[in-house]
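Enquirer: sequence and predicted model, in that order:
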Amino acid sequence: MAAHDPSQSLNRQPQNPRVTSQSALPEIALLRLRHVLRIIPISRSAWYAGVKEGRYPAGFKIGRATVWKMEDIRVLVERIGTTRAA
């Protein structure tokens with residue numbers, strides 16, 4: 001068995017790096033609500049009220065989990081940005 005070389009672990013990239021900007025977000029992804037609310041910082045209850053009113057996209061179920069398409073969230077962010085700029 002080979003000896004462990006600690007210098008190798010220093011050069012590895014983290015398995016789950018934090019996203020620092022929206023442009024770094026993946027093009028295609030499914031997001032859980034906690035991830036959506038990191039992008040759009042509102043409360044869970046405000047989010048679900050907005051979904052009910054049609055202001056925010058509805059998620060869909062995969063098993064017991066509800067997920068949202070990244071594409072839908074990107075469109076929402078652009079729409080919110082356009083509304084605030086006007």
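Expert: Everything's here; your move.
Enquirer: average pLDDT for the longest strand anywhere in the chain, rounded please.
Expert: Identified as the longest strand of the chain according to DSSP state E is strand 65-69. Averaging pLDDT along strand 65-69 yields 97.
Enquirer: after it, which helix or strand is next?
Expert: helix 70-85 (DSSP states H and E).
Enquirer: that following helix versus strand 65-69: what angle between them?
Expert: For helix 70-85 against strand 65-69, the angle by axes from the mean of the first three to the mean of the last three C-alpha atoms, to 10 degrees is 60 degrees.
Enquirer: verify the stated contact: A29 with D72.
Expert: No. The pair A29 / D72 is not scored as a contact, 10.8 Å apart, by C-beta atoms under 8 Å. In this view, the C-beta of every residue, glycine as well, is placed from N, C-alpha and C.
Enquirer: quick one: the helices in this structure, in order.
Expert: Along the chain, the segments classed as helices by DSSP state H run 6-11, 33-39, 44-53, 70-85.
Enquirer: okay, the ones you listed, which one's buried deepest?
Expert: helix 33-39 (a mean of 15; mean count of other C-beta atoms under 10 Å).
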